[in-house]
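Peer 1: The following block contains a protein sequence and its predicted model.
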Amino acid sequence: MANFKEYNINETLNNCVDSDKLTIAISESDISVNLSYINSDIETFFIYFEYDLNDSDINILDNIVYNHDGNTYKFKLEALPYINSFNPNQDYDILGLHNKPYVNDSGLLTSSEYYKNYNPAENVFSDLVIKENISYEFNNETGLPKKKTIEINFYLENEEIGYTKTVITYFQKEEIEKENNLLSDGFKIILKGIVNK
């Protein structure tokens, strides 16, 4: 085994490489060794790691590269003030985006859309930057949520999803009961929990 692997540019989805996007995808993956750097030229690119890759690491890396879309579109987050580069761990609740929540008949938040612009006179949102899709698993005995999964989609300038991040929250029984007591009967949205992933 070796601590690097060479690929041809045409092994990616659109025959080009975005080193920043590829770095994020590798860093967020289950590859067991840390990425060192990516070196690319016109036809090939090399991905170097701190230590040798095992068979499982290589399979994961191959899958990342073969599904890599190295387009040159920037993330819409990067166009916001004070944002120098894309960071999927950025707290986007403090960036001045306009949140459009969706709640189901049971009062649970099922999705949230974050827009750059909002016209209050016409109640119109425009320029979608981030969208959260939220799903729940419930306790069969209490009927309360025991797990929440949030799929966070970050949009590019061409309106396509450029990166998806998943956050899983497992709720404590005590926190669920406390939160339900604080909220009104018709709007029991569970927000607090313990993030395990």
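Peer 2: Perfect, thanks for sending it.
Peer 1: residue closest to the middle of this structure?
Peer 2: Residue closest to the mean C-alpha point of the chain, counted by CA atoms, centre = their mean, is K165 at 2.0 Å.
Peer 1: The longest strand anywhere in the chain - contacts with which helices or strands?
Peer 2: Looking across the chain with DSSP state E, the single longest strand is strand 124-138. Under the contact criterion of 3 or more CB pairs under 8 Å, 6 or more residues apart in numbering; DSSP states H and E, strand 124-138 touches strand 109-119, strand 145-155. All C-beta spots, glycine's among them, are computed from the backbone N, C-alpha and C.
Peer 1: Ok, which of these comes nearest N59?
Peer 2: Nearest to N59, of all the helices and strands packed on strand 124-138, is strand 145-155, at 23.8 Å by CB to CB.
Peer 1: What are the contacting residues of the helix or strand just after the closest one?
Peer 2: For strand 145-155, the succeeding helix or strand toward the C-terminus, using DSSP states H and E, is strand 161-170. Here strand 161-170 makes contact (CB atoms under 8 Å, 6 or more residues apart in numbering) with 21, 24-25, 28, 69, 73, 75, 86, 88, 146-156, 193-197.
Peer 1: domains for the protein, by residue range?
Peer 2: Here the domain parsing of the chain from automatic domain parsing is 4-66, 77-195.
Peer 1: if I look at the nearest residue to T12 once chain neighbours are set aside, how far off is D20?
Peer 2: Excluding the flanking residues, the one nearest T12 by CB to CB, 6 or more residues apart in numbering is H68, at 4.6 Å. The gap separating H68 from D20 is 12 Å, by CB to CB, to the nearest Å.
Peer 1: Which one's more surrounded, the two?
Peer 2: Neighbours were counted for H68 and for D20 using other CB atoms under 10 Å; H68 has more, 20 against 14.
Peer 1: thought S85 was touching K74?
Peer 2: No. Taking CB atoms under 8 Å as the definition, S85 is not a contact partner of K74, at 9.4 Å.
Peer 1: need the strands for this protein, in chain order.
Peer 2: 4-8, 35-40, 44-49, 98-103, 109-119, 124-138, 145-155, 161-170, 194-195.
Peer 1: Low-confidence ranges, the chain, go.
Peer 2: Residue ranges of the chain with pLDDT under 70: 72, 172-197.
Peer 1: what do you get if the cut-off is 50, keeping everything else the same?
Peer 2: By pLDDT under 50, the low-scoring segments of the chain are 182-197.
Peer 1: Contacts only, for P88.
Peer 2: Applying CB under 8 Å, 6+ apart, the residues near P88 are 24, 28, 152, 154, 163, 165.
Peer 1: which other residues reach the longest helix seen in the chain?
Peer 2: Looking across the chain with DSSP state H, the single longest helix is helix 55-66. With contact meaning CB under 8 Å, 6+ apart, helix 55-66 is reached by 5, 7, 11-13, 22, 25-26, 29-33, 47, 49, 53.
Peer 1: residues of it that come out buried?
Peer 2: 57, 60-61, 64-65 (16 or more other CB atoms under 10 Å).
Peer 1: Can you tell me which of the residues you listed is closest to N133?
Peer 2: For the buried residues of helix 55-66, the nearest to N133 is I64 (22.3 Å; CB to CB).
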